[in-house]
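Asks: Have a look; sequence and predicted model below, questions after that.
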Amino acid sequence: MRAVQLAVFIALVVVIVVMLYRARGRPVRRPAALRDELVKDPVCQTYVVRARAVTRAGLDGPVYFCSAECARRYTAETRG
Ligand SMILES: [Zn+2]
């Protein structure tokens with residue numbers, strides 16, 4: 001029965017590799033609605049379009065700002 005288990009295991013590995021290969025080759029397309037999503041500036045509480053926002057790396061992911069000035073103030077505050 002070992003041969004059958006090995007065959008099943010190999011088949012599973014092949015399927016996973018093929019799925020990964022296909023997933024990697026597929027171009028990532030985001031709908032326009034997602035790109036134009038409004039994000040909130042944590043400094044001045046202004047809503048800005050994500051595509052035009054100033055982005056900085058925060059603790060929980062990217063943080064968006066209306067301007068470089070707000071981004072500067074935010075990093076100054078979080079660094080203490
Ligand atoms: Zn701002």
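Replies: Great, that's in hand.
Asks: in this protein, what secondary structure element scores lowest on mean pLDDT?
Replies: Least confident helix or strand, the chain: helix 32-35 with a mean of 61, by mean pLDDT, DSSP states H and E.
Asks: what about the very next helix or strand once past that one, near the ion?
Replies: Using DSSP states H and E, the helix or strand that directly follows helix 32-35 along the chain is strand 38-40. No - under the criterion of C-beta under 5 Å from the ion, the ion is not reached by strand 38-40; the shortest gap measures 9.4 Å. No exception for glycine: its C-beta is placed from N, CA and C like everyone else's.
Asks: And stretch 55-63, by the same measure?
Replies: No - contact between stretch 55-63 and the ion is absent, the nearest approach being 11.1 Å (criterion: C-beta under 5 Å from the ion).
Asks: now what about that stretch, what contacts it?
Replies: The contact list for stretch 55-63 (C-beta atoms under 8 Å, 6 or more residues apart in numbering) reads 42, 64, 65, 71, 74, 75, 78.
Asks: In this protein, which helix is the longest?
Replies: Longest helix of the chain, by residue count under DSSP state H: helix 2-25.
Asks: ok, how many other residues are close to residue 13?
Replies: Neighbour count of residue 13, defined by other C-beta atoms under 10 Å: 10.
Asks: whoops, I mixed them up, residue 55
Replies: Neighbour count for residue 55, taken as other C-beta under 10 Å: 12.
Asks: for residue 38, same thing?
Replies: 11.
Asks: pLDDT at it, what is it?
Replies: In this model, residue 38 is scored at 95, pLDDT.
Asks: quick one: it and residue 20, what's the gap?
Replies: According to C-beta to C-beta, to the nearest Å, residue 38 and residue 20 sit 34 Å apart.
Asks: Please apply the same query to residue 70.
Replies: As judged by C-beta to C-beta, residue 70 and residue 20 stand 40 Å apart.
Asks: More neighbours: those two, which one.
Replies: Taking other C-beta under 10 Å, residue 70 and residue 20 do not tie; residue 70 has more neighbours (22 against 10).
Asks: What helix or strand is that one located in?
Replies: In the assignment (DSSP H and E), residue 70 maps to helix 68-78.
Asks: who are the neighbours of that helix, in terms of helices and strands?
Replies: Judged by 3 or more C-beta pairs under 8 Å, 6 or more residues apart in numbering; DSSP states H and E, helix 68-78 is in contact with strand 54-58, strand 61-65.
Asks: Sweet, I'm off.
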